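Visitor: I'll drop the sequence and a predicted model, then ask my questions.
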Amino acid sequence: GPDDQGKNVVAIFTLADKKGTVYVDGIGQNDPAVVSAAIQNGYERWVNDTYWVMMPFKLHDNGVRIRYSRNERTLETVYDVLELSFVAGTGLTSDDHYWLYVNRKTHLIDRWEFVLTGQKPPPSGSSWEAWTNVGPVKLSLQRRFQGKTAMLRFENVAAPASFDESVFKFSSVRN
């Protein structure tokens with residue numbers, strides 16, 4: 001994505017050691033400070049973005065605490081509300097706190113509410129809509145933010161039947 005100066009930055013790295021290759025406007029970078037900053041930014045974006053797309057699959061990650069909070073009823077739906085918190089030091093924002101509204105009929109999350117690190121209650125929230133089969137998994141590809149006109153959509157989401165893993169092999173940076 002773009003950096004603070006509007007330059008296109010691509011960071012290709014391994015999650016385990018955060019080592020990899022960085023390109024700015026298509027030019028390979030050798031400056032360790034530039035590479036390190038871009039990889040850290042890419043890592044933080046990856047953590048945030050994958051959480052918004054794949055949170056249900058991350059419920060069993062180390063450091064995640066899940067507790068049954070309550071059930072909640074609307075005229076049409078009964079929800080099991082799960083409270084999600086984190087052990088200190090987990091992830092980038094271990095003070096975040098979530099409530100997942102799991103529809104008893106569909107077993108899918110219809111919405112979540114959250115108080116993020118540094119925010120004060122009441123929680124913000126968004127819907128989880130447009131549940132779609134993407135390859136062998138079902139993902140929610142749309143969020144509407146409570147009390148706002150903003151919406152987040154994930155488009156062109158696909159899961160290939162097979163994948164060329166050679167794209168993850170690194171070569172030396174060339175200018």
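Guide: Sure thing, it's come through. Residues are numbered from 1 along each chain as shown.
Visitor: and the strands in the protein, which stretches?
Guide: 9-13, 20-24, 27-28, 64-73, 78-86, 97-103, 109-115, 124-127, 129-134, 137-144, 151-153 (DSSP state E).
Visitor: which among those is found nearest to Ala159?
Guide: With CB to CB as the measure, strand 129-134 is the member of those nearest Ala159 (5.0 Å). From N, CA and C alone the C-beta is placed, and that goes for glycine too.
Visitor: buried set for the closest one?
Guide: Within strand 129-134, the residues that qualify as buried by neighbour count (16 or more other CB atoms under 10 Å) are Glu129.
Visitor: just checking: what are the partner strands of that strand?
Guide: strand 137-144 (antiparallel) (DSSP bridges).
Visitor: just want the angle from the partner strand to strand 109-115.
Guide: 60 degrees (axes from the mean of the first three to the mean of the last three CA atoms, to 10 degrees).
Visitor: and the strands of the chain: which comes nearest Val35?
Guide: strand 20-24 (4.7 Å).
Visitor: who are the packing partners of that closest one?
Guide: strand 9-13, helix 32-54 (3 or more CB pairs under 8 Å, 6 or more residues apart in numbering; DSSP states H and E).
Visitor: show me what contacts the residue nearest to Arg70 when sequence neighbours are not counted?
Guide: Spatial nearest neighbour of Arg70, chain neighbours left out: Val81 (5.1 Å); criterion: CB to CB, 6 or more residues apart in numbering. By CB atoms under 8 Å, 6 or more residues apart in numbering, the residues touching Val81 are 68-72, 99-102.
Visitor: buried subset of these?
Guide: 99-102.
Visitor: which residues of this structure score low on pLDDT?
Guide: 167-175 (pLDDT under 70).
Visitor: now do 50
Guide: Scanning the chain for pLDDT under 50 picks out the ranges 172-175.
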